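Asker: no sequence on this one, just coordinates:
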Ligand code: Z5A
């Protein structure tokens, strides 16, 4: 059976993942490919319900509950949406996936990385991205971008925006550590540049993947 390609975008808040995921999928579609954009947490009906609880800063969540929610979301997302789309030959562009669990719950919250790898394997049914792009940015710059966005009213604060900068720095280190450990799958792109420059780098790496 034809198998599509699974591309994930990762990075700290405000690094441009959502913007770039939409641009990439649009460009791929324009180029005659069938591409879908999805995100975690979310992407399915159950996932959107989980996302609403997960992101609401007014809902108190223990860190273990937080971890189990993102895993439950992933289990549903992979089985209901991502794998079927890949099996139909589509390119799936996903805004956050299992590396976010490693970075946020592992490096940020301090859960054991081996435990997280096992849980991620269960939740993802062993599905690994073909390519992961980490959009790397100083946490202060990312937070400035999300605060500017909140000021303009397009979105409010979420569970992690209230965390200290130190938490977000650990998360950033987590993404960079994953990239170091898995260079064949994960690439790092400097996101502290113009939208167009970042888009061009992503496009060239994705073209390489699709040619290969
Ligand atoms: N989470 C977790 O803990 N564990 C997990 O396993 C998973 C997730 C899967 C999801 O939040 C939260 O879930 C996330 C981690 C946690 N929380 N945090 N932090 P989300 O989906 O609501 O939000 P996000 O993933 O953090 O993304 P974001 O804040 O929306 O940022 P973004 O998608 O990276 O950036 P953006 O929305 O594309 O851009 C942000 C702003 O910057 C926007 O106004 C853009 O127009 C602007 N922008 C974008 N690119 C540029 C450039 N190049 N220059 C200047 N301005 C730019």
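Answerer: Yes, it's here. What you see is a predicted model; the values in this text were computed from it and never measured. Residues are numbered from 1 along each chain as shown.
Asker: where do the strands sit along this protein?
Answerer: Residue ranges of the strands in the chain, as given by DSSP state E, are 5-11, 35-39, 91-95, 131-136, 186-190.
Asker: Export those as CSV, with columns for mean neighbour count, distance to the ligand and mean pLDDT.
Answerer: For glycine as for every other residue, the C-beta is placed from the backbone atoms N, C-alpha and C. Output for these, formatted as CSV (neighbours: other CB atoms under 10 Å; distance: least, CB to the nearest ligand atom, whole Å; pLDDT from 0 to 100):
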stretch, mean neighbour count, distance to the ligand, mean pLDDT
strand 5-11, 25, 6, 98
strand 35-39, 20, 6, 98
strand 91-95, 25, 6, 98
strand 131-136, 23, 7, 98
strand 186-190, 18, 10, 98
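Asker: Now render those strands as a markdown table, adding distance to residue 24.
Answerer: Output for the strands of the chain, formatted as a markdown table (distance: least, CB to CB, whole Å):
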| stretch | distance to residue 24 |
| --- | --- |
| strand 5-11 | 7 |
| strand 35-39 | 8 |
| strand 91-95 | 5 |
| strand 131-136 | 9 |
| strand 186-190 | 12 |
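Asker: I'd like to know which of those strands lies nearest to residue 211.
Answerer: strand 5-11 (11.2 Å; CB to CB).
Asker: and the angle from that closest one to strand 91-95?
Answerer: Between strand 5-11 and strand 91-95, the angle comes out at 20 degrees (axes from the mean of the first three to the mean of the last three CA atoms, to 10 degrees).
Asker: Strand 5-11 - contacts with which helices or strands?
Answerer: Judged by 3 or more CB pairs under 8 Å, 6 or more residues apart in numbering; DSSP states H and E, the packing partners of strand 5-11 are helix 17-30, strand 91-95, helix 98-100, strand 131-136, helix 165-181, helix 195-211.
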